[in-house]
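[1] turn this into a model:
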Amino acid sequence: MNALLRPLLLILLLASLFACASKGGLDAEIEDLPVDQLYAEAKRKLDNGLYESAIEYYETLESRYPYGVYAEQAQLEVAYAYYKFNEPESAILAAERFIKLHPNHKDVDYAYYLRGLASHREMGALYRFFKQDNDERDPGEAKRAFKYFQELVKRFPKSKYAPEAVARMTDIRESLARHEIFVIDYYVRRRAYVAVSNRAKYVIRNFQGTRAVPDALGAMVNAYYQLGLTQLAIDAYRILELNYPDHAVTREVARLPIITPPVKTPASERENQDS
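    This is a model prediction of the structure:
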């Protein structure tokens, strides 16, 4: 045998033996465990924060014992383990699988809630990865998280998870509204005032009660003014002033000439100034 090949073959052999030993060690650890002990060990690892190992145990349990209460509980708890292990997409898939397999399970509302939590975490992870400000974020993930929480509240209004879901929906809704204001500002910078007015209408119709509404009304007033639609601008301002009289946006658009016309100097005063 070529002397150069011997070290290479030895390295490959050792790597193969190490891989087999590692796999065999895990299998040997749980090979003879009955289902109740296998579940207890998975739960112990989950409770101790050993999420990756817990996932392996839960999935092993289900593959060996695919039916019964232990398998059902493993299918639910593995979703939580994936969530805690910071794999939100796997958590969402596991939660959805549980919902499809056990739509009448006593804890199925938790699966709906966990799916929303995982989607919310995925949304935050994407934003941190791209280092975006809240207003600049792609609303796709936020909308998905909102839909998941909304489905929980609609299907299980008395669930103990419903109040937390509602609170998270409120936060997500604020985030979505602020994104719309970011888009409006983008159109303002490009003097696309028709787009500004249309987007402002969308905010007012769909995000009532959020902090974005006065900003949208102010943008609408200014857009109508820039488009020469004086009466529409005045009408929009009156709504803004009525609902948000002390808001900074109200004070800002009040300076527009159509809202606060310049004071005219009497003719006698002009003649005295000229002389």
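
[2] quick one: which helix or strand includes the spatially most central residue of the chain?
    In the chain, the residue lying closest to the centroid (CA atoms, centre = their mean) is residue 142, at 3.3 Å. In this assignment (DSSP states H and E), residue 142 forms part of helix 140-155.

[3] what of residue 45?
    Assigned by DSSP H and E, residue 45 belongs to helix 35-47.

[4] re the thing from before, tell me the helix or strand right after the helix holding residue 142.
    Using DSSP H and E, the helix or strand that follows helix 140-155 towards the C-terminus is helix 162-189.

[5] next SSE after that following helix?
    Sequence-wise, the next helix or strand downstream of helix 162-189 (DSSP H and E) is helix 193-206.

[6] how about the nearest residue to residue 254 once chain neighbours are set aside, secondary structure?
    Spatial nearest neighbour of residue 254, excluding adjacent residues (CB to CB, 6 or more residues apart in numbering): residue 260 at 5.8 Å. C-beta: built from backbone N, CA, C; applies to glycine. Assigned state for residue 260: coil (three-state reduction, DSSP: H, G, I helix; E, B strand; the rest coil).

[7] measure residue 260 to residue 189 for me?
    Distance of residue 260 to residue 189, computed by CB to CB, to the nearest Å: 25 Å.

[8] cool, residue 95 as well?
    In terms of CB to CB, residue 95 sits 41 Å off from residue 189.

[9] quick one: which of the two has more around it?
    When residue 95 and residue 189 are compared for neighbours, residue 95 comes out ahead with 29 against 8, by other CB atoms under 10 Å.

[10] enumerate every residue touching the more buried one.
    79, 111-112, 114-115, 118 (CB atoms under 8 Å, 6 or more residues apart in numbering).

[11] ok, now how distant is the residue nearest to residue 203 when sequence neighbours are not counted from residue 230?
    Counting by CB to CB, 6+ apart, residue 216 is the residue found nearest to residue 203 once chain neighbours are left out, at 3.8 Å. As judged by CB to CB, residue 216 and residue 230 stand 20 Å apart.

[12] the two - which one has more neighbours?
    Looking at residue 216 and residue 230 with other CB under 10 Å, you find the greater number of neighbours at residue 216, namely 27 against 13.

[13] just say helix, strand or coil for that one.
    helix.

[14] that one and residue 204 touch, don't they?
    Yes. If you go by CB atoms under 8 Å, residue 216 and residue 204 touch, sitting 5.4 Å apart.

[15] okay, now the unreliable bits of the stretch 51-200 of the chain?
    Scanning the stretch 51-200 of the chain for pLDDT under 70 picks out 123-137.

[16] circling back to that earlier point, these two touch, right, the residue nearest to residue 254 and residue 251?
    No. Residue 260 lies out of contact with residue 251 (CB under 8 Å); the separation is 10.5 Å.

[17] for those two, indicate the residue with more neighbours.
    Between residue 260 and residue 251, residue 251 has the larger neighbour count (other CB under 10 Å), namely 13 against 10.

[18] give me the contacts around the host helix or strand of the more buried one.
    Remark: residue 251 resides in helix 248-253, with elements defined by DSSP H and E. Here helix 248-253 makes contact (CB under 8 Å, 6+ apart) with 214-215, 217-218, 221-222, 237, 240-241, 244, 259.

[19] ok, now stretch 194-214?
    Contacts of stretch 194-214 (CB under 8 Å, 6+ apart): 173-174, 176-178, 180-181, 183-184, 187-188, 215-217, 219-220, 222-224, 227, 240, 243-244, 247, 249-250.

[20] how's the chain carved up into domains?
    Under the assignment automatic domain parsing, the domains of the chain span 32-85, 88-174, 191-262.
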